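K.L.:
Structure for the following, please:
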Amino acid sequence: MDPESKHLEQIMDTLLAGLQGVVAHLDDVIVVGRTAEEHEKNLHAVFERIAEGELHVRLEKCHFTSSRIDYLGLDKHGRRPDPKKIDVIKQMPSTKDLPQLQSFLGLLSHYGSFVKEVRRLRAPLDALLAKNAKFKWTRTCEECFNRAKEILTSDFLLAHYDPSQDIVAADASNYGLGAVISHRYKDGSEKAMAHAYRSLLPAEKNYSQIEKEALAIVFAVQKFHRMLHGRRSTLLTDHKPLLTIFGSKKGIPVYTANRLQRWAITLLAYDFNIQY
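P.N.:
Predicted coordinates for the structure are as follows:
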């Protein structure tokens with residue numbers, strides 16, 4: 001990032017501190033409101049702060065009463081990748097070397113919140129980055145590459161966060177941790193708000209399956225901490241023994257391994273029920 005842009009962002013963060021419905025994003029200021037009246041009120045507050053700071057805005061650079069922010073992929077229905085950046089992904093050819101692979105994986109990481117299958121799709125590609133690994137682009141690599149492109153270029157939509165309805169699903173594999181935070185609606189349907197993924201560290205790959213599954217839950221709640229902390233939520237696991245360890249109302253079982261006990265204590269900071 002340009003140092004001057006970063007400096008400007010820091011100035012705007014300080015100038016706008018404490019205002020509701022306002023955020024400085026890079027060199028832009030975004031003002032939102034639940035209603036037209038609230039939006040206008042927030043907008044006036046921003047202009048007052050800017051005037052107090054003896055700064056100026058160029059009206060020809062401003063957009064008012066917009067229903068969407070294209071470069072963030074935001075509208076009233078949810079969030080999707082920026083179409084302009086997705087066009088770049090569409091044009092990407094099959095990877096031929098490590099620099100190209102690293103570039104693609106960088107994009108996949110950036111848009112990872114949109115890709116439910118990111119953990120599975122990344123596994124064979126990440127393996128090519130391992131120390132002393134020979135770069136061999138296999139059929140599996142090609143299939144994962146094309147599937148990731150297919151998902152990212154589809155009309156995929158993530159729901160907006162609603163603090164009244166939460167559900168977190170978590171699972172693990174021999175390669176990485178995956179999590180999704182979704183809303184469950186009254187009609188029984190679910191819509192994802194974000195997906196998250198990270199690879200297992202070398203030591204974590206030696207964990208037992210129950211430890212990997214437990215680690216996935218801890219990863220999920222910590223990744224989505226801002227949406228979960230202080231609110232009632234539901235954790236889903238496909239590993240039934242975790243119900244006894246993390247869901248017991250009698251406290252942590254005394255026979256539980258130290259690592260699991262530490263994670264159980266971490267989860268005590270969250271208000272949830274756990275389901276299998």
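K.L.:
Alpha carbons of the helix or strand harbouring residue 263, as PDB, please.
P.N.:
Here residue 263, judged by DSSP states H and E, is contained in helix 258-267. The C-alpha coordinates for helix 258-267 follow below in PDB (Å, rounded to 0.1, in the frame of the first residue of the first chain):
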ATOM      1  CA  ASN A 258      -4.800 -31.300  28.800                       C
ATOM      2  CA  ARG A 259      -5.000 -29.900  25.300                       C
ATOM      3  CA  LEU A 260      -8.800 -30.400  25.100                       C
ATOM      4  CA  GLN A 261      -9.200 -29.000  28.600                       C
ATOM      5  CA  ARG A 262      -7.400 -25.800  27.500                       C
ATOM      6  CA  TRP A 263      -9.700 -25.500  24.500                       C
ATOM      7  CA  ALA A 264     -12.800 -26.100  26.500                       C
ATOM      8  CA  ILE A 265     -11.700 -23.300  28.800                       C
ATOM      9  CA  THR A 266     -11.300 -21.000  25.800                       C
ATOM     10  CA  LEU A 267     -14.800 -21.800  24.700                       C
END
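K.L.:
which stretches of this structure form helices?
P.N.:
Applying DSSP state H to the chain gives helices spanning 3-15, 36-52, 83-90, 98-110, 118-127, 139-152, 209-223, 225-228, 241-247, 258-267.
K.L.:
centre of the chain versus the fifth one, how much separation?
P.N.:
In other words, helix 118-127. On the basis of Cα atoms, centre = their mean, to the nearest Å, helix 118-127 is displaced by 17 Å from the centre of the chain it belongs to.
K.L.:
which residues touch that helix?
P.N.:
101, 104-105, 108, 112, 115, 133, 138, 140-141, 144-145, 147-148, 173, 175-178, 195, 197, 199 (Cβ atoms under 8 Å, 6 or more residues apart in numbering). C-beta here means a position set from N, CA and C on the backbone, and glycine is covered the same way.
K.L.:
Just the buried subset of those residues, written out for ChimeraX, thanks.
P.N.:
Buried residues within those, by 16 or more other Cβ atoms under 10 Å, are selected in ChimeraX with:
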select :101,104,105,108,112,115,141,144,145,148,175,176,177,178,195,197
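K.L.:
Excluding covalently adjacent residues, which one is nearest to residue 42?
P.N.:
Ranked by Cβ to Cβ, 6 or more residues apart in numbering and with sequence neighbours excluded, the top spatial neighbour of residue 42 is residue 21, at 4.1 Å.
K.L.:
roughly how far apart are that neighbour and residue 37?
P.N.:
Distance from residue 21 to residue 37, counting by Cβ to Cβ, to the nearest Å: 12 Å.
K.L.:
what about residue 99, neighbour count?
P.N.:
9 (other Cβ atoms under 10 Å).
K.L.:
which stretches of this structure have low pLDDT?
P.N.:
Along the chain, segments meeting pLDDT under 70 span 1-6, 155, 172-175, 248-256.
K.L.:
Domains of it: list them as residue ranges, please.
P.N.:
As assigned by automatic domain parsing, the chain contains the domains 3-66, 78-152, 167-275.
K.L.:
Residues in contact with stretch 207-221: which ones?
P.N.:
168-174, 177-179, 181, 196, 198, 200, 204, 228, 235, 237-239, 241-242, 245-246, 257, 259-260, 263, 266-267, 270, 272, 274.
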